[in-house]
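> any chance you could fold what I've pasted below:
(2 chains)
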Amino acid sequence: MAEDVAIIGIGMHPFGRHENTGMEMGAYAARAAMKDAGCDWSDVNYAFGGSASAGNADSMVSTLGLTGLPFINVANGCATGGSALISAYNAINAGAADVCMAIGFDKHEKGAFAPDPASHGVGQWYGDTGLMLTTQFFGMKIQRYMHQFGISESTLAKVAVKNFHNGSLNENAWRRQPLTEEEVLNSLMLSNPLTQYMFCSPGEGGVALVLARGDIAKKFQKKPVYLRSAVLRSRPFGSFEVFNSWLSPDRGNSPSVGAAAAAFKMAGMGPSDMDIVQVQDTESGAEIMHMAECGFCEDGEQEDLIQSGATNLDGRLPINTDGGCLANGEPIGASGLRQVYESALQLRGDAGAHQVKKPIKTAFTHVYGAPGISACTVLSR
Amino acid sequence: MTTQIPVAEELFTWPSDSPQLIGTRFPESGVTTFPQSKSCPKSGSENGERVLLPRRGTLWSWTVQGFLPKSPPYAGKETAKTFKPYGVGYIQLGDEVIVESRLTTAEASELKIGMDMELVIIPFSTDDAGNDIVTYAFAPVKK
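Numbers count the residues shown, from 1 in each chain, chains lettered A, B, ... in the order given. So this is what the prediction gives:
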């Protein structure tokens, strides 16, 4: 049953730009998570890990210790971390392991990703003619959403202002400098309506989580956090995704809709039961749209929610409490696990300067990315 | 005299006074893809038919590419100094399909969701012999 998996240790290498390799950041996070759990590498029966650009996670065993444990590399694009977590969750539920580690880390070059058309199944012409940029997709998805549901540019900017504020309070974040709404709106227009400071950047970092069977969790950790569900979905027909040279006029849902609904169903809880939320904010518009896709509001209600401060740290429904991707950057392999790390930290009451103001018992995380995948979790104390 | 070379074969009819995009229609699911596709992403069917798509449609969404894309994959010859932003959008062609395209304007004030758009062929790069490499784009229909 779902209540039988606990997070007993969390570890993170600060996000940003660093001298050490992605693998070293992953190993740093793994050691920190084991220290937090009060366990040794020899206590870990199974590990799952991955990165998009920083090597095979399983080679980390030569750093952490050659114990012979099964270590499976996970490669699932932006949901790599989420997929490692789901694999660990399933391994414990299946009885294959009592203590399990999920690791994600990455290290990317500066600037927008430069994807290869062939590896994404699109023609070379698509890249040649300047259509193969994820930033264009984000611009066009929120452009239409704003047109349909009355979201203002001020609201787009306020999401970035909130996330950079939260990041300024988080010592593990990359961007620690708060920005004003004017600074966000007046920064370089990258892909209309999205400006430079509304986008996150590819970055570096690592996160590791130690999971255990719920009934043994308190042997290791006096404040375990329970993983009530962990779900992954790929895209259904009609969803709007990156690198699509055509769409069907017969529109369908995003994979986030299915992943969130399944995560709530498995947990036996709903969006209104959640005290804090982490959603994918590759750019400001994504946070706005994911609020509705994950079931936290109706389309268009974000305008009032965000303008009134409901999603701030002291609001009714704090969102991206650690500064999200905007303030932390996006090391692809680590990004989804960062959200779970932050949720566990908040649920334990250990988030320090960025701890939410209200008492909390539940948390939700949502990661989304190319080529149309989403992973969601529901957590509780 | 330079020749105009299409960026890819079978993307659009060329040369032509009235060029059209080329897609695949799958009768069983009613899905039309652009460009052509061997199988239908909705049904998995491999029974597709080559179809010429309507030349006119309406703007479904749009953005403006504000910075020089990384090369590769971008094959335009601009430099950071000579780069000029270009429009990108999705154009709905009747009930058949919504296609992604470069736009002939990069002016936000000239772009409105729902406006009428028409297919044109534009040069976007040159080959080593100095020939224009052309691709398709959509232009606002002049009133």
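
> what average pLDDT does stretch A:294-301 get?
Per-region confidence: stretch A:294-301 scores 98 on mean pLDDT.

> then stretch A:351-362?
Mean predicted lDDT for stretch A:351-362 stands at 97.

> residue B:32 touches residue B:21, doesn't it?
No. In this structure, residue B:32 sits apart from residue B:21 without contact. The criterion is C-beta atoms under 8 Å, and the distance is 10.3 Å. For glycine as for every other residue, the C-beta is placed from the backbone atoms N, C-alpha and C.

> tell me, how many residues neighbour residue A:289?
Residue A:289 is flanked by 25 other residues according to other C-beta atoms under 10 Å in any protein chain shown.

> by contact count, what packs against the strand or helix carrying it?
Residue A:289 is located in helix A:284-293, with elements delineated by DSSP states H and E. Counting contacts by 3 or more C-beta pairs under 8 Å, 6 or more residues apart in numbering or on different chains; DSSP states H and E, helix A:284-293 packs against helix A:134-149, helix A:153-168, helix A:255-267, helix A:302-307, strand A:362-369.

> just those: most buried one?
Using mean count of other C-beta atoms under 10 Å in any protein chain shown, the stretch among the helices and strands packed on helix A:284-293 with the largest mean neighbour count is strand A:362-369, at a mean of 27.

> what do residue B:32 and residue B:21 both touch?
By C-beta atoms under 8 Å, 6 or more residues apart in numbering or on different chains, residue B:32 and residue B:21 have these common neighbours: residue B:53.

> what residues does chain A put near chain B?
A:111-112, A:114-117, A:123-133, A:135-136, A:139-141, A:143-144, A:147, A:188-194, A:237, A:244-250 (C-beta under 8 Å from any C-beta of the partner chain).

> low pLDDT regions in the chain?
With no chain named, the answer covers chain A. Applying pLDDT under 70 to chain A flags residues A:1-3.

> ah, I was thinking of chain B
The low-confidence ranges in chain B, as defined by pLDDT under 70, are B:1-2.

> could you say which helix or strand contains the residue in the stretch 101-250 of chain A that chain B sits nearest to?
Using C-beta to the nearest C-beta, residue A:127 is the residue of the stretch 101-250 of chain A that sits closest to chain B, at 2.6 Å. Under the assignment given by DSSP H and E, the secondary-structure element containing residue A:127 is helix A:124-128.

> give me the contact list for that helix.
When contacts are taken as C-beta under 8 Å, 6+ apart, the neighbours of helix A:124-128 outside the stretch itself are A:115-118, A:132, A:243, A:245, B:7-8, B:11, B:72-75, B:125, B:133, B:135.

> one more time with 7 Å, if that's ok
Applying C-beta atoms under 7 Å, 6 or more residues apart in numbering or on different chains, the set of residues contacting helix A:124-128 from outside is A:117, A:132, A:245, B:7, B:8, B:11, B:72, B:73, B:74, B:75.

> same thing with stretch A:148-157?
Outside stretch A:148-157, the residues that reach it (C-beta under 7 Å, 6+ apart) are A:145, A:181, A:184-185, A:193, A:198, A:284-285, A:288, A:299-300, A:302-303, A:306-307.

> what of stretch B:3-14?
Residues external to stretch B:3-14 that are found in contact with it (C-beta under 7 Å, 6+ apart): A:123, A:125, A:128-129, B:19-22, B:35-36, B:52, B:121, B:123, B:127, B:131-136.

> in helices, which of those appear?
Cross-referencing those against helices under DSSP state H gives A:125, A:128.

> and the contacts of stretch B:3-14, which of them are buried?
A:123, A:125, A:128-129, B:19-22, B:35-36, B:121, B:133-136 (16 or more other C-beta atoms under 10 Å in any protein chain shown).

> now the phi/psi pair for the residue nearest the centre of chain B, please.
Within chain B, one residue has its C-alpha closest to the average C-alpha position: by C-alpha atoms, centre = their mean, that is residue B:101, at 3.6 Å. The main-chain torsion angles of residue B:101 are listed as degrees, to the nearest 10 and equal phi -160, psi 150.

> contact partners for it?
When the contact criterion is C-beta under 7 Å, 6+ apart, the partners of residue B:101 are B:89, B:91, B:136, B:137, B:138.

> right, and residue A:12 touches residue A:30 too?
No. Counting by C-beta atoms under 7 Å, no contact exists between residue A:12 and residue A:30, whose distance comes to 10.5 Å.
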